[in-house]
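>>> With the input below, show me the fold.
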Amino acid sequence: MLEENDREKAKKMTALEHERRLDVEAQEEHARMLDKQQADREHEFQQRERRAQEFMNRMASTVIEGQNTK
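Predicted coordinates:
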């Protein structure tokens, strides 16, 4: 009976360790997902800034051309 109890305890410990490993893997995956989302947001922000700057440059060029023709 003691041997059976020891075997059951060993099974439970193995199951708990496996569950802990799965939890750690899930947390790591979640962290990677959050990092990717942050990188995507930063990239999108940079793209918006670039497009806004290009627009402002085009507008300035148009104004300068208009003044030169006058």
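
>>> Next, report how far whichever strand or helix holds residue 4 is displaced from the centre of its chain.
Under the criterion of DSSP states H and E, residue 4 resides in helix 2-69. Mean-position distance between helix 2-69 and its chain equals 0 Å (C-alpha atoms, centre = their mean, to the nearest Å).

>>> Please apply the same query to stretch 62-70.
46 Å.

>>> same question for that stretch, mean pLDDT?
For stretch 62-70, the mean pLDDT works out to 82.

>>> For it, which outside residues touch it?
Outside stretch 62-70, not one residue touches it by C-beta atoms under 8 Å, 6 or more residues apart in numbering. For glycine as for every other residue, the C-beta is placed from the backbone atoms N, C-alpha and C.

>>> Buried residues, that stretch. List them.
By neighbour count with 16 or more other C-beta atoms under 10 Å, stretch 62-70 contains no buried residues.

>>> Return it as CSV; C-alpha atoms alone will do.
Only the C-alpha atoms of stretch 62-70 are listed here, as CSV (Å, rounded to 0.1, in the frame of the first residue of the first chain):
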residue,chain,number,x,y,z
THR,A,62,3.2,73.5,-54.2
VAL,A,63,3.3,76.7,-52.3
ILE,A,64,6.9,77.5,-53.3
GLU,A,65,6.1,76.7,-57.0
GLY,A,66,3.0,79.0,-56.8
GLN,A,67,5.1,81.8,-55.4
ASN,A,68,7.8,81.3,-58.0
THR,A,69,5.3,81.6,-60.8
LYS,A,70,4.0,84.9,-59.5
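
>>> start the count at 729, not 1, going forward
Happy to do that; since the first residue is 729 now, the last one works out to stretch 790-798.

>>> where does this structure have low pLDDT?
Scanning the chain for pLDDT under 70 picks out nothing.

>>> Could you rerun that using 90?
Scanning the chain for pLDDT under 90 picks out the ranges 729-732, 789-798.

>>> Now for residue 761, how many residues are close by?
If you count neighbours by other C-beta atoms under 10 Å, residue 761 ends up with 10.
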